[in-house]
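> Sequence and predicted structure are below.
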Amino acid sequence: MTDAAPPESMRIRRRPRLAEAVVEDLVSAIVTETYAAGTALPPEGMLGEMYGVSRTVIREATMALTEKGLVVSQQGRGTIVRDASAWGMLDPMILSALFQREDGLAYLDNLSEIRSLLEGAMAAKAAERLTPDALTELTRQMEKLEALIPHPAAYVHEDLNFHDIIMRASGDKLSKAVIDGIQSEALRNHSYSGKLNVDHVRDTHAAHQRIFDAIAAGDGVRASQAMRDHIETSWARRRAARAPRP
């Protein structure tokens, strides 16, 4: 029979999870400007009382905020919130909070621009470097998508796989990593993902077909333009449905 772990050991193992929860809440508060740039976070003791955790947990959380570029410790002033120019914008927690801001649509616009540029370039590379195996995989994916046109929710999932196949076929691992990292957080935001109906899916599939045809033909220029047109048109439609009315 194994002896139960002592309470102190259990507390030590729990600290990272507690600190992570505190970090997530403070990241959101800083990014959404509850704590504005140039102001100090509440003292350790006060934060500990607010979150019901020890000073050790607060110190761990503060260290994580520092690593993300959100705060800096200043002698005599405390933990100071840094300007947004210092933030690690590709950090998942920061991205998630940015998309939740009142001006979150502007960041989603920026994401669409990044996707258009990078995925357009990757589509061109995929066309130029297309292997028989990649063409077979992309062809099967198009067949799967066509069968799912009457089922928008299922189509959306396979839509992501379609783009993933093209990005992998391009061989551009760095651009794919950037897109994957940013988009994974944006997809949690309803303003970005939107809600497709069957008519929208048909339009989307027609755009996919144009991309596929260009890649299959080895036409990098046409593939790039088709991908950019698709991303920009699709986002414009979803944005119009979500943007607040004046």
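That came through fine.

> from here on, contacts and neighbour counts on C-alpha atoms
Noted.

> Please pull out the lowest mean pLDDT helix or strand from the protein.
Of all helical and strand segments in the chain, the minimum by mean pLDDT, DSSP states H and E falls on helix 190-193, at a mean of 67.

> and after that one, which helix or strand comes next?
Using DSSP states H and E, the helix or strand that follows helix 190-193 in sequence is helix 198-216.

> which residues touch that following helix?
Applying C-alpha atoms under 8 Å, 6 or more residues apart in numbering, the contact partners of helix 198-216 are 123-124, 126-128, 130, 135, 138, 142, 145-146, 149-152, 155, 220, 222-224, 226-227, 230, 234.

> Which of those residues are buried? Put it as a ChimeraX command.
Buried residues within those, by 16 or more other C-alpha atoms under 10 Å, are selected in ChimeraX with:
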select :123,124,126,127,128,130,135,138,142,145,146,149,152,155,220,222,223,224,226,227,230,234
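
> Which members of the contacts of helix 198-216 occur in helices, if any?
123-124, 126-128, 135, 138, 142, 145-146, 152, 155, 220, 222-224, 226-227, 230, 234 (DSSP state H).

> Just the strands from this structure, written as ranges.
Assignment of strands within the chain using DSSP state E yields the ranges 71-74, 78-81.

> The first one packs against which elements?
If contacts are counted by 3 or more C-alpha pairs under 8 Å, 6 or more residues apart in numbering; DSSP states H and E, strand 71-74 sits against helix 55-67, strand 78-81.

> among the ones you listed, which is the most enclosed?
strand 78-81 (a mean of 20; mean count of other C-alpha atoms under 10 Å).

> what sits up against it?
With C-alpha under 8 Å, 6+ apart, strand 78-81 has contacts from 30, 35-41, 43, 70-74.

> Pull out the C-alpha coordinates of it and format them as CSV.
The C-alpha atoms that make up strand 78-81 are tabulated as CSV, following Å, rounded to 0.1, in the frame of the first residue of the first chain:
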residue,chain,number,x,y,z
GLY,A,78,5.7,47.8,-8.3
THR,A,79,4.7,45.7,-11.3
ILE,A,80,4.0,48.1,-14.1
VAL,A,81,1.9,47.3,-17.2
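
> how far is that strand from where the chain is centred?
Relative to its parent chain, strand 78-81 has a centroid offset of 27 Å by C-alpha atoms, centre = their mean, to the nearest Å.

> Next, give phi and psi for the closest residue to Trp87 other than its chain neighbours.
For Trp87, the nearest residue in space outside its immediate sequence neighbours is Gly69; the separation is 4.5 Å by C-alpha to C-alpha, 6 or more residues apart in numbering. Backbone torsions of Gly69, given as degrees, to the nearest 10, read phi 80, psi 10.

> Having no further points to raise, I will conclude here.
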